[in-house]
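Undergrad: here you go, sequence then predicted model.
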Amino acid sequence: MSNWREQLADESETKAVIDWLTEFYHYPLLVFLVGFVFWNRIRNWRNFIYEGQVYYSGNDPWYNHRSAEYATENFLGTMPFDPWTYFPYGTSTGQFGALFDQIIALLALILGLGSPSSSLFDHVVLLAPPLFAVAICIPAYLIGRRLGGRFGGLVVVGFIAFAPDRFLQMTLAGHTQHHAAEALFMTLSILGVMVSLSVAEEERPVYELIAAGEISALRRTIGWSILTGIAMGMYLWAWPPGAWLFGILAVFFIFHLSFEHLRGRSPEHTAFVGVISLTTAGVLQLSTIRTFDMGVASRSFVQPGLAFVVALGLVFMAWLSREVDSRDLSRSAYPGIVGGLLVVGVVFVALALPSLFDFFISQVDRVFGFITSPGTTAGTIGEAQPPENPQQYLYDRYGLGIVTAGVGAAVILGRQALKREPEGQQLLMVFWAAFMIAATMTQTRFGYYLTVPIGALNATVAGFLIQTIGTPDTDEFTIETHQVLTLVLIVMVMFVPLLGLPYTGVDRTATERADNLSQPGNVLVWDQSLQWMEENTPEPGRYNNPDGEAMDYLGTYKRTENYEYPQGAYGVLSWWDYGHWITNRAERIPNANPFQQGVQSAARFLLAQNESEALTTLEKEFDESQGAETRYVMIDWQMAETEGQVGGKYFAPAEFHPDYSTDDFYQRVINPSANPRQLTSAQEIFQQTMLIAHDQRYYNSMLTRLYHYHGSSRAPEAIGVERLPGAGQPAVRSFGSLQEARQWASQSDTRQVGGVGVLPEERVEALKHFRLVHMSETSAVPSQGDENVQELANSGVSFGRLSVIQRDLSNSGITQAYRSMLGPNRTQQAILRSQRALQGSNPAWVKTFERVPGATIQGENGPENGTLRLSVPIKPPNGNEFQYTQRIETDEDGTFNTTVPYSTTGYDEIGVEDGHTNVSARANGSYRITGFSSEEQALYSGQFNVSEEAVVTEDSEPISVELDKRDFGTDENESESGQVQSATVSEPADQITVEFNGETTVADPTAAAARMNATVNGEPVEVTGVSSGEVNTAVTVSLAEPVAAGDSVELSYSTRQNDPAIIIGTRPIESFTTGVENNVGS
């Protein structure tokens, strides 16, 4: 008896547990899933704290930060106009400073008790996205529950938790963009339409109820529809281009109302929902109109206008249904009439209002035109491109869930076809998912909308199976073995691939993707230059205007079509990617920004083929006014890099430039043993590339002149490139002289002189109005073992330039070419020369240049109609010293004029407090001018200094220079000049050892220096001293300028028989050495 009672008690307890689980199982699971959603997105937040500063990922979060900061300082008000970007026009921030930023500002104000500290505010911005992810779980669960019961709701939240998709990325800590709010409020809008449709299907509202004043019978339909309209309005407040939601709903309502009429049901019930919700949304948008221009990116009449048009269309469709019924027409006539009228309307707008038609077609193509290719400029924006492999893209993010989503859509369409009164909310889900898939296949950025509809369609499958195996009238069911197995199978099919099973070694899970994306990236290095700019350049409003009023970074500026910048304001030109960083971190005004404003003009400047063209671009394209001009240019290694596989961006300005394409600047040289058709992956293409051969246009472009040459002139070398090498042949080879290299290149169209690394085909002339003022501490080609570099790499900073150099050293043959040039047993020197040719002298990550009037140099006593070489050593505090050089042509009377951008003195006498720059890259000596006249057998030289004030002041007093002339070889008793010797320098040196063919003694060093002639890269350089060498057959020659690795040097020596002994026992020069070991004669 006791055992029976115990067994009965045990069975009762088991039943009670089962009953409890059946009733409440979804609560603990929902808490777990939502908890995982939040934990996975926030757990890496410390990755965005670097040296005590909060950083964010990408570009847009920095402008969201600015917009939210403004709202915090202005009682949740939004910026009507922002002059701190898109110089010299300013912009109206339609997509920013919206509801998303206001919510962040409100949260910061609450947590900061009305006055949040900057640190608290920065952290709120950092952590806001995961909160939006948690918030979306609520409407997502409710959508899933409406389609598949409580288990269906868990399925949708499960996709939010485990899908490694775009929505995960946009809701990670540090990825603070309005996309999270977009997804939330669109989901709320769709949920609102679903609820309103269900209520309308119950209440069946018709016009007669309104006419009779029986509003109480419509209260629920009206109430839910108004709430839906409010959700739509909030969606557009978060993202004005969200007007596409009205288009999606328009398509849905057209089909649904047509189906309702065909079934013999009144479309008025559904029309009530559409008219009330869309009208509500339209009215809400009227209150925020800022412009009457036609556009969706800003708050214009397009948003409310489209809402009202769709609402009126629904009224017409409801009326038309009554007319068709009253005239006893066939039910099928209704969709035919609707379709015909739509076609007529489209044709009418296309003919009568072509601009309006083109506008809407372009908008449709922009978000749903996945069957077309993106424009060339859109192709430069990663998130605006379609996925390369759509099927693989969807599977990688949703696994088999994308297949079961298709099954869910089929279930819904089957119900629509077979049931007499199917639910409109289910059909809505099919349309929503279809449009979101189309949008994602057009631009991958829209993938953050896809998670919930994919999950909802899977919820439909789950609900269908539960109904099949359980009680048809409820989602409660008696747990049987086969039912448990069915639920387990559902979970496995939908979610096991998302959990990384089976393991493939690919970034497949939400946790892995969160880890890989939780990094601030390249902004860490850029910030080195941005912080320098904030501290060492004048505030906007005070450039060359120290007593002027600085612009207020968080000031309120009235919207205007022609904003007039104050005197002393200035622009900072860079590529559009970096515009928001410049605004936020440097508090300076970029010419171009991620809104795609100023992009074409920036491209024109960066690719300008000479300085005159570049200056004209600044004056015309950016409509510069007196006192408000573009003053700085910031360039990083990626902008100058042509290898797109490692993040190079040189291709982007070419795509935006109206006159150029990438083929005009460079060409990929593929290993001849590889089959280009079989190179399908980016990694394969990169590995099989021998090098990227650059056209002379690349070297002439301002981008290259600034980043690689720092505005200096650059001569070509005796290096050639074969763009179509044969099997086993290198792409790069060397020659004994530049003339020999040119002769070789002239024999084929696939050959060229130079074109590899920083080696031009023709001489690149110096710039006269741009100077290097700062380089970032971090190099794009760092040395091995640098702990700081490893820390930056772990934070997402890309050092792809290093891999390009390593590949080119291995594949191009450049090291072998220099080994051939330098002679045997010179492998180390050949490697150094190759590295220098590929990366330049100072491969800093970011370089900042200043546009200056320059100092005017007026000279005399030069050679008649001759060429002079001007140079000055510049030493950045964190880089190698380089020579700024410039060629000067003299007039027939030996006079000359030129302009120089670098100063040599007065750095401490003029700075930020005077409205100018605290220059970081400073001269390490005076300017020198040298020239040689072969006709006169004379060496011309001069030395002078240039003050900082002379460089930065317009119309400063010219600096006069009179050259000294040293004659030699004009005496009638002169002996023949010594044999000319030449060599290529393997490493920097300022002294050269000259080996004579016999014993030598330097008796008169000054006179000896006057008789020694030197040229570097074909240009004369002054010999400042000659002394006895370490052996009795050699002397040491000191040059006015140090020679750099890669320079080609020539030396000759002349004597006079009647002069005092200068170098006793002189014989023709036998050879000379440069650097430590190199000893090459020709």
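TA: Structure's in. What do you need?
Undergrad: need the pLDDT of residue 538.
TA: Looking at residue 538, its pLDDT is 98.
Undergrad: ok, it to residue 298 distance?
TA: 32 Å (CB to CB, to the nearest Å). For the C-beta atoms, the positions are set from N, CA and C on the backbone; glycine is no exception.
Undergrad: just want to know which of those two has more residues nearby.
TA: The neighbour comparison of residue 538 against residue 298 (other CB atoms under 10 Å) goes to residue 538, with 24 against 18.
Undergrad: that one belongs to a strand, doesn't it?
TA: No: read with DSSP: H, G, I helix; E, B strand; the rest coil, residue 538 is coil and lies in no strand.
Undergrad: number of residues surrounding residue 354?
TA: Neighbour number of residue 354 under other CB under 10 Å is 10.
Undergrad: same question, the one 3 residues further on
TA: Counted with other CB under 10 Å, the neighbours of residue 357 add up to 16.
Undergrad: where does residue 659 sit: helix, strand or coil?
TA: Per three-state DSSP, residue 659 ends up coil.
Undergrad: now do residue 629
TA: strand.
Undergrad: do residue 417 as well
TA: Residue 417 ends up helix, using three-state DSSP.
Undergrad: what about it, how many neighbours?
TA: Residue 417: 9 neighbours (other CB under 10 Å).
Undergrad: distance of it from residue 631?
TA: From residue 417 to residue 631 the distance is 67 Å (CB to CB).
Undergrad: check residue 224 too.
TA: 57 Å.
Undergrad: buried residues, stretch 550-565. List them.
TA: Across stretch 550-565, burial judged by 16 or more other CB atoms under 10 Å covers 551, 563, 565.
Undergrad: what residues does it touch?
TA: Outside stretch 550-565, the residues that touch it by CB atoms under 8 Å, 6 or more residues apart in numbering are 69-70, 73-74, 77, 79-84, 87-90, 92, 290-291, 539-542, 566, 569, 587, 625, 628.
Undergrad: stretch 694-708 now?
TA: 605-611, 614, 633, 635, 637, 639-640, 642, 650, 653, 660, 664-667, 711, 714, 752, 754-756, 758, 760-762, 764, 767, 770, 772, 840, 847, 849.
Undergrad: which of those fall within strands?
TA: 633, 635, 666-667, 752, 770, 772, 847, 849 (DSSP state E).
Undergrad: tabulate those residues (JSON lines), appending distance to residue 800.
TA: Output for the ones in strands among the contacts of stretch 694-708, formatted as JSON lines (distance: CB to CB, whole Å):
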{"residue": "633", "distance to residue 800": "22"}
{"residue": "635", "distance to residue 800": "16"}
{"residue": "666", "distance to residue 800": "16"}
{"residue": "667", "distance to residue 800": "20"}
{"residue": "752", "distance to residue 800": "25"}
{"residue": "770", "distance to residue 800": "26"}
{"residue": "772", "distance to residue 800": "23"}
{"residue": "847", "distance to residue 800": "17"}
{"residue": "849", "distance to residue 800": "23"}
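Undergrad: just the closest of these to residue 513, please.
TA: Comparing these against residue 513 with CB to CB places residue 635 closest, at 32.1 Å.
Undergrad: what is the burial count for that closest one?
TA: So residue 635, with other CB under 10 Å, has 23 neighbours.
Undergrad: and for residue 419?
TA: When neighbours are counted by other CB under 10 Å, residue 419 registers 11.
Undergrad: swap in residue 174?
TA: Residues near residue 174, counting by other CB under 10 Å: 28.
Undergrad: ok, it - contacts?
TA: By CB under 8 Å, 6+ apart, the contact set of residue 174 is 45, 47-48, 55-57, 61, 126, 129, 518, 520.
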